[in-house]
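Chemist: fold the following.
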Amino acid sequence: MKILKKIILFLLVVFLIAQFFGPKKNDGTLASVEPFLLSTNPPEAVVAILKESCFDCHSNYTKYPWYSKITPVNYWLADHVNEGKEDFNVSIWSEYSVKQKDHKFKELIETVESREMPLDSYILTHNEANLTDTQIASVIEWSKKMRIIYGLKPKGE
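Modeler: Numbering: from 1, shown residues only. Okay, here's the model as predicted:
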């Protein structure tokens, strides 16, 4: 029994020390998404959906919940945010070519339509991000309009 107590004490000390370390946070501002919103001009209902369900992981701005301060949860969240930004980052929208923008909207349609996005793990702690069929339809409708617009632009832009 003494060994078990020592192991538990050791793990507790490691856990406490780990709380002083954490990954780099996504500390941008919500202003970083403005060029995307101006360029794509989504309806207000879609803007609300994007802010609630997408921007935390797909922009340079993340609203962190209280539990993001706890190691190892903070590393798990950082990994999700980094992966999300790697796939689709609205904060660098102006850096994407027309072809890339069109492709991003194609992927957005596919992942929202198949309910792959938002992730179940995100919805678990952000119930407001659980999209209704109507919300999904509005995001898809807007995305399809954007694909038409980007499809008409010269691909060299």
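
Chemist: residues in contact with the residue most central in space within the chain?
Modeler: To find the centre residue of the chain, average its C-alpha atoms and take the closest one (C-alpha atoms, centre = their mean): that gives Cys57, at 1.8 Å. Under the criterion of C-beta atoms under 8 Å, 6 or more residues apart in numbering, the contact list for Cys57 reads His80, Val81, Glu83, Gly84, Lys85, Leu119, Tyr122. All C-beta atoms are positioned from the backbone trio N, CA, C, and that covers glycine.

Chemist: what helix or strand is it located in?
Modeler: In this assignment (DSSP states H and E), Cys57 forms part of helix 55-58.

Chemist: helix or strand right after that helix?
Modeler: helix 73-87.

Chemist: low pLDDT regions in the chain?
Modeler: Across the chain, the ranges flagged by pLDDT under 70 are 153-157.

Chemist: returning to that earlier point: nearest residue to the residue nearest to the centre of the chain in space, ignoring adjacent ones along the chain?
Modeler: The spatial neighbour of Cys57 that comes closest, neighbours along the chain excluded (C-beta to C-beta, 6 or more residues apart in numbering), is Gly84 at 3.1 Å.

Chemist: dihedrals phi and psi, Pro72?
Modeler: Backbone geometry at Pro72, expressed as degrees, to the nearest 10, gives phi -100, psi 0.

Chemist: from memory it sits against Ala18, does it?
Modeler: Yes. With contact defined as C-beta atoms under 8 Å, Pro72 reaches Ala18; the gap is 7.2 Å.

Chemist: neighbour count winner among those two?
Modeler: In this comparison of Pro72 against Ala18, neighbours counted by other C-beta atoms under 10 Å, the higher total goes to Ala18 at 14 against 11.

Chemist: kindly list the longest helix within the protein.
Modeler: The residue-count maximum for a helix in the chain (DSSP state H) belongs to helix 133-152.

Chemist: for Ser91, see how far away Thr29 is.
Modeler: When distances are taken as C-beta to C-beta, to the nearest Å, Thr29 and Ser91 turn out to be 9 Å apart.

Chemist: what about these two, which has more around it?
Modeler: Between Thr29 and Ser91, counting by other C-beta under 10 Å, Ser91 is the more crowded of the two (22 against 11).
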